[in-house]
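**Q** Predicted model follows, preceded by the sequence.
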Amino acid sequence: MAERLIIDTDPGQDDAFAILLALALPDVEVLGLTTVAGNVPVAQTADNARRIVELAGRAAVEVRAGSDRPILRPARPAHEVHGATGIDGWDWAPAKAPPMAEHAVDWMVRTLLAEPAGTVTVATLGPMTNLALALRRAPEIAGRIRRVVFMGGGFFEGGNMTPAAEYNILVDPEAAAIVLGAGMDVTGVPLDCTHSAPAPVDWSADLEAIGTEVGRACAGMMRFFERYGNRKYGTASRPLHDAVAIGALAWPDLFQGRRCPVAIECAGTLTAGMTVVDWWRQTGKPDNCLWLNRCDGPAFYARMADALARL
Ligand code: RIB
Ligand code: CA
């Protein structure tokens with residue numbers, strides 16, 4: 001069955017790769033993009049998403065801006081990682097399409113109620129604020145969503161913003177708790193998984209060799225995206241976290257994980273935003289998440305380069 005996909009995103013260079021990958025996959029139908037305050041403010045994420053779909057030659061893919069801040073907590077942009085625009089590393093042409101007036105959460109609810117039940121997957125690549133607000137607006141969509149795949153969290157790998165918390169969950173832990181508590185089929189793509197799949201060293205050269213505008217833009221974004229993480233972790237390359245999440249949808253044969261209970265720490269001082277993974281099922285709680293912890297990185301990036309070359 002083709003994957004009919006809503007992508008909720010906060011571009012972000014790795015979000016950009018994820019969006020381009022989804023648009024390049026023949027078995028994926030992108031119904032639309034919803035953007036959220038995350039790496040950069042929400043208006044900027046929407047403008048970035050329009051630039052990305054236009055770069056891919058897919059200007060018909062609609063982009064709507066959603067929540068301008070997490071449910072309870074302040075927004076926490078990550079310019080130190082993603083640069084001033086959020087998609088630094090390439091000289092982007094301004095978006096031609098104007099912003100859409102409809103709020104992303106309204107569109108998400110409207111679409112999930114209109115499409116046949118069980119046919120639409122939601123991939124969240126930033127803080128889960130929009131999906132959580134949609135679930136609060138229309139709880140019945142929980143029974144209509146085919147599955148949710150989210151990039152976020154970390155357990156065996158800890159966090160990337162605090163020792164306990166990864167960015168997407170730390171920014172809006174209440175939203176993550178709502179999503180994980182809604183009884184849906186949820187797959188988590190945490191740092192445990194993405195850190196097992198760093199990009200090949202100097203992969204940007206392979207992207208340049210594609211010889212297209214998409215390849216050159218991706219090469220520039222890759223170089224920019226890697227500099228912060230390589231300096232922080234002392235590594236030679238970095239994983240494209242959000243693209244790995246789309247890979248988990250498209251190529252499950254490249255991934256491993258375990259269904260288990262996953263809860264979100266919302267009250268902790270040192271541990272706020274932690275994904276508490278009951279890997280050994282000690283709590284007796286229901287398995288509410290397929291927690292992926294391995295990805296075959298070389299195969300994933302080879303397949304992604306092939307896909308990007310088709311745009
Ligand atoms: O921790 C990585 C996640 O935070 C990715 O989604 C990246 O884009 C940032 O949003
Ligand atoms: Ca993101």
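**A** Looks like it came in fine. Ligands and ions are numbered 1, 2, ... in the order given.
**Q** Relative to Phe150, how far out is the nearest residue to Trp251 once chain neighbours are set aside?
**A** Closest residue to Trp251 apart from its sequence neighbours, by Cβ to Cβ, 6 or more residues apart in numbering: Arg303 at 6.3 Å. (Glycine included, C-beta is placed from N, CA and C.) The gap separating Arg303 from Phe150 is 21 Å, by Cβ to Cβ, to the nearest Å.
**Q** quick one: which of these two has more around it?
**A** Phe150 (28 against 17; other Cβ atoms under 10 Å).
**Q** Surely the more buried one touches Thr124?
**A** Yes - using Cβ atoms under 8 Å, Phe150 is in contact with Thr124, at 4.4 Å.
**Q** sorry, back to before: isn't the residue nearest to Trp251 right next to Val244, touching?
**A** No - counting by Cβ under 8 Å, Arg303 does not reach Val244; the two are 11.5 Å apart.
**Q** I'd like to know how far Gly118 sits from Ile141.
**A** Taking Cβ to Cβ as the measure, Gly118 falls 11 Å from Ile141.
**Q** quick one, which of those two is more surrounded?
**A** Per other Cβ under 10 Å, whichever of Gly118 and Ile141 has more neighbours is Ile141, with 21 against 13.
**Q** contacting residues around the more buried one?
**A** Met108, Val109, Leu112, Leu113, Ala134, Leu135 (Cβ atoms under 8 Å, 6 or more residues apart in numbering).
**Q** What of Asp27?
**A** If a contact means Cβ under 8 Å, 6+ apart, then Asp27 has Ala2, Glu3, Ala250 as its contacts.
**Q** mind putting those in a markdown table, distance to Ile178, secondary structure and neighbour count included?
**A** Output for the contacts of Asp27, formatted as a markdown table (distance: Cβ to Cβ, whole Å; DSSP: H, G, I helix; E, B strand; the rest coil; neighbours: other Cβ atoms under 10 Å):
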| residue | distance to Ile178 | secondary structure | neighbour count |
| --- | --- | --- | --- |
| Ala2 | 28 | coil | 10 |
| Glu3 | 24 | strand | 20 |
| Ala250 | 26 | helix | 21 |
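**Q** Now render those residues as JSON lines, adding distance to ligand 2 and pLDDT.
**A** Output for the contacts of Asp27, formatted as JSON lines (distance: Cβ to the ion, whole Å; pLDDT from 0 to 100):
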{"residue": "Ala2", "distance to ligand 2": "24", "pLDDT": "81"}
{"residue": "Glu3", "distance to ligand 2": "19", "pLDDT": "93"}
{"residue": "Ala250", "distance to ligand 2": "18", "pLDDT": "97"}
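**Q** Mind putting the residues you listed into a markdown table with distance to Thr129?
**A** What follows is the contacts of Asp27, written out as a markdown table (distance: Cβ to Cβ, whole Å):
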| residue | distance to Thr129 |
| --- | --- |
| Ala2 | 28 |
| Glu3 | 23 |
| Ala250 | 25 |
